[in-house]
Each structure stands twice: as structure tokens, then as C-alpha cells.
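Return atomic coordinates for the entry below.
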Amino acid sequence: MYYMIGNMAQKELLINVMEKNANIPDQVIAALDQTLKIIEDNYNCDKTPFQNGGYCILCDEPQNIDNVEGIKYLHKQYNLDSDDAEFKEVIVTDNSVNWIQELYIIGTEYAITIFYCVYDLL
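This next block holds a predicted model:
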């Protein structure tokens with residue numbers, strides 16, 4: 001499942017709902033918090049999310065690295081390619097799943113940060 005998160009209030013609501021069903025590592029939540037705090041502090045999106053600064057997308061379902069259909073869909077929707085990411089890093093490996101963060105600069109003052117997980121094949 002993919003979740004669009006525009007500010008900390010939305011993240012808190014989502015995490016509270018997902019808490020019983022999802023196993024999102026603390027390091028991923030911390031990276032999500034850091035990203036949303038930057039957007040809120042610099043673009044005042046705590047009051048009106050998705051208008052300025054950008055937003056985050058969280059995918060909580062592990063996928064095979066060779067066939068990340070959800071990420072491919074997001075790339076197609078926003079006319080992106082994995083090579084267009086400003087940065088891509090593995091945040092943490094938890095239970096044979098790599099949690100990855102990718103940042104895409106969409107416009108001068110707008111970015112999308114995608115948090116997703118893929119099975120570790122090693």
C-alpha cells in the first residue's frame with residue numbers, strides 16, 4: 001500500500017492507524033520525520049499540505065528488487081526515472097528487507113521523497 005504524507009499531522013494519524021499491522025523500523029520513521037520537518041519548517045505545509053515544498057510517499061509492502069511495480073508506477077506518473085533521484089540510500093536492513101529512501105526534485109520548490117522496502121537477496 002502507498003501512502004501520500006504531506007505533513008507531520010498526517011504522518012502521526014497514519015502511523016497510529018498502521019501501528020498494529022505494520023512493522024516500519026524506527027530508522028525509517030525518523031527519516032520520514034526529518035524530511036517532513038524540513039518541508040514544514042521551510043514551506044509552512046503544516047497548515048496546507050501538498051501545495052508547497054513537496055511530500056513523502058511511504059510504501060509498507062516489501063517487493064522484489066527486480067519488479068518494484070509500485071515504484072515503477074510512481075515513476076511513470078511523475079515522469080521520473082531511478083537515475084533522476086538526487087539521492088538514494090538504504091536506511092536500514094530489517095528482517096531481510098532493505099528500506100530505501102529516494103529524493104526527487106520535481107520543480108524549483110517541490111520534491112517527492114519515496115520510502116519503500118525491497119527484499120534483500122543476499
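
going forward, measure contacts between C-alpha atoms and count neighbours the same way
OK.

and the gap between Tyr73 and Pro49?
22 Å (CA to CA, to the nearest Å).

Can you pull out the low-pLDDT segments for the protein?
20-22, 45-48, 64-70, 121-122 (pLDDT under 70).

got the buried residues for the longest helix anywhere in it?
Ranked by residue count under DSSP state H, the longest helix found in the chain is helix 26-43. Neighbour counts over helix 26-43 (16 or more other CA atoms under 10 Å) mark 28, 32-33, 35-37, 39-40, 43 as buried.

now stretch 49-60
Buried-residue list, stretch 49-60, by 16+ other CA under 10 Å: 49-50, 52-60.

Next step: those restricted to strands.
With DSSP state E as the criterion, strands contain 53-59 from among the buried residues of stretch 49-60.

from the residues you listed, which is closest to Phe87?
Nearest to Phe87 among these: Cys56, at 14.3 Å, using CA to CA.

Was I right to think the closest one contacts Tyr2?
No: Cys56 lies out of contact with Tyr2 (CA atoms under 8 Å); the separation is 10.2 Å.

quick one on the thing from earlier: quick check, nearest of the buried residues of helix 26-43 to Gln10?
Leu36 (10.1 Å).

what sits against that closest one?
For Leu36, the contact set (CA atoms under 8 Å, 6 or more residues apart in numbering) comprises 6-8, 55-56.

How about Asn42?
Contacts of Asn42 (CA under 8 Å, 6+ apart): Gly53.

what do you get for the one 10 residues further on?
By CA under 8 Å, 6+ apart, the residues touching Asn52 are 43-45, 109-110.

Could you do Asn98 as well?
Contacts of Asn98 (CA under 8 Å, 6+ apart): 90-92, 117-120.

And it, how far from Glu19?
Relative to Glu19, and taking CA to CA, Asn98 is found at 20 Å.

Repeat that for Cys59.
14 Å.

In space, what's closest to Asp93 - neighbours in sequence excluded?
Actually, residue 93 is Thr rather than Asp. Trp99 (6.2 Å; CA to CA, 6 or more residues apart in numbering).
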